[in-house]
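*Asks:* What follows is a protein structure lacking sequence information:
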């Protein structure tokens, strides 16, 4: 006669193995990532165009083309309209039909900041809340990561005013995304403060080296929280 306890133990072992296999499969299916940004995502520099933070981050995350969606537009922000009339939210809305299996998406990463410099934190808070609510509705299994990467290296009173508004209004609102279910990418707002090495001569966009370090800092914040 078979040992009932042994059979039960073997069945439980197989069930555990099956569950682990299912979890691994789910993790693989959830590896897809959506990235949303402004001209920093495009890769704009004073001297032309290079590889922006999205494509560099894609390589650091080891994502395949099928796991990667990039929606970027120069001038876009949570409130500011870009060169083609889009905000971060409308970029996502306009492209959602091209995203397969929205429930399988694991990460939505949205980074910007400079283009929202003329808006107060209260209005930005509302726009970020609407953005997060839309993401939670259509991508229920995705974490929403928001990063403030905008900066200005202009050594004038205008540059000082821009930096003040970015730090006092824009950064505050972006960090406040945690109230609406987002995850703020801590620390990445500081990387472009190396104006000599990391900013282009237009004082607005990163240099090629700046993009390299910016994407590395975003990757690190995703992995470690800072």
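*Replies:* In hand now; what should we look at? From a predicted model like this one, the values you see are computed outputs, not experimental measurements. Numbers count the residues shown, from 1 in each chain.
*Asks:* what bridges to the residue most central in space within the chain?
*Replies:* By CA atoms, centre = their mean, the mean C-alpha position of the chain lies nearest to residue 109, the distance being 1.9 Å. Beta bridges link residue 109 to residue 35, residue 145 when assigned by DSSP bridges.
*Asks:* List the residues that contact it.
*Replies:* 33-36, 57, 145, 147, 185, 218, 222 (CB atoms under 8 Å, 6 or more residues apart in numbering). C-betas here are computed from N, CA, C, even on glycine.
*Asks:* For it, give its distance to residue 45.
*Replies:* Counting by CB to CB, to the nearest Å, the separation of residue 109 from residue 45 is 21 Å.
*Asks:* Hmm, residue 178 and residue 143 touching each other?
*Replies:* No: applying CB atoms under 8 Å as the test, residue 143 and residue 178 come out as separate, 11.7 Å apart.
*Asks:* Let's verify residue 81: helix, strand, or coil?
*Replies:* coil (DSSP: H, G, I helix; E, B strand; the rest coil).
*Asks:* Could you give the number of residues near it?
*Replies:* Counted with other CB atoms under 10 Å, the neighbours of residue 81 add up to 14.
*Asks:* how about it, phi and psi?
*Replies:* phi -90, psi 140 (degrees, to the nearest 10).
*Asks:* Now it. Nearest residue, chain neighbours left out?
*Replies:* Excluding the flanking residues, the one nearest residue 81 by CB to CB, 6 or more residues apart in numbering is residue 87, at 6.1 Å.
*Asks:* For residue 80, see how far away that neighbour is.
*Replies:* 7 Å.
*Asks:* Quick check on the two: which one has the bigger neighbour count.
*Replies:* Between residue 87 and residue 80, counting by other CB under 10 Å, residue 87 is the more crowded of the two (24 against 20).
*Asks:* list the contacts for the more buried one?
*Replies:* By CB under 8 Å, 6+ apart, residue 87 lies in contact with 76-81, 127.
*Asks:* Need the residues you listed in a markdown table (columns: pLDDT and distance to residue 172).
*Replies:* Output for the contacts of residue 87, formatted as a markdown table (pLDDT from 0 to 100; distance: CB to CB, whole Å):
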| residue | pLDDT | distance to residue 172 |
| --- | --- | --- |
| 76 | 98 | 20 |
| 77 | 98 | 15 |
| 78 | 98 | 13 |
| 79 | 98 | 14 |
| 80 | 98 | 17 |
| 81 | 98 | 22 |
| 127 | 98 | 14 |
